[in-house]
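Visitor: Turn this into a model:
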Amino acid sequence: MRITVTFENDNVFQHFGHAKQIKLYDVQDGEILSSKVMSTMCSGHASMASLLKVVGTDILICGCIGDGAKAALTQAEIEIYSGVTGSADEAVAAFIEGKLSFNPDAKCDHH
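Guide: Sure, this is the predicted structure:
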């Protein structure tokens, strides 16, 4: 499984469509096998959703996200865990343990 986190300064970035980086985690049998940070080189929810599909994302952990982005990600069959704050590594560890605190109704301020 591949978990992707919107990423900035080791934390979950809070505006999905404007994330300049993502961190990819490859997880198998409850263990992180590898992780890497990559530049998104895109802006906006449609291009971000396309990128996440191309890199093989199964799960997205992010901060705030708009309805258009949610629709694009759902269409790409990517599960969304929004409203997450703090350390990206800790968020992924909590997800693996089934203890991730998230808010499916988290929206960006301008939406």
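
Visitor: Just the pLDDT for the residue lying closest to Gln28 once chain neighbours are set aside.
Guide: Ranked by CB to CB, 6 or more residues apart in numbering and with sequence neighbours excluded, the top spatial neighbour of Gln28 is Met1, at 7.1 Å. C-beta: built from backbone N, CA, C; applies to glycine. On pLDDT, Met1 comes in at 97.

Visitor: OK, contacts around Met1?
Guide: 26-28, 58-59 (CB atoms under 8 Å, 6 or more residues apart in numbering).

Visitor: Return the alpha-carbon coordinates of stretch 5-20 using PDB.
Guide: Provided in PDB are the C-alpha atoms of stretch 5-20 (Å, rounded to 0.1, in the frame of the first residue of the first chain):
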ATOM      1  CA  VAL A   5       1.000  12.900   2.800                       C
ATOM      2  CA  THR A   6       0.900  16.500   1.800                       C
ATOM      3  CA  PHE A   7       4.200  17.700   3.200                       C
ATOM      4  CA  GLU A   8       6.100  20.700   4.500                       C
ATOM      5  CA  ASN A   9       8.900  21.000   7.100                       C
ATOM      6  CA  ASP A  10       8.200  17.400   8.300                       C
ATOM      7  CA  ASN A  11       4.500  18.200   8.900                       C
ATOM      8  CA  VAL A  12       1.300  17.600   7.200                       C
ATOM      9  CA  PHE A  13       0.800  20.600   4.800                       C
ATOM     10  CA  GLN A  14      -2.600  22.200   5.400                       C
ATOM     11  CA  HIS A  15      -3.800  23.200   1.900                       C
ATOM     12  CA  PHE A  16      -4.000  20.100  -0.400                       C
ATOM     13  CA  GLY A  17      -4.100  22.000  -3.800                       C
ATOM     14  CA  HIS A  18      -1.100  24.100  -3.000                       C
ATOM     15  CA  ALA A  19       1.300  21.500  -1.600                       C
ATOM     16  CA  LYS A  20       4.700  21.900  -3.100                       C
END
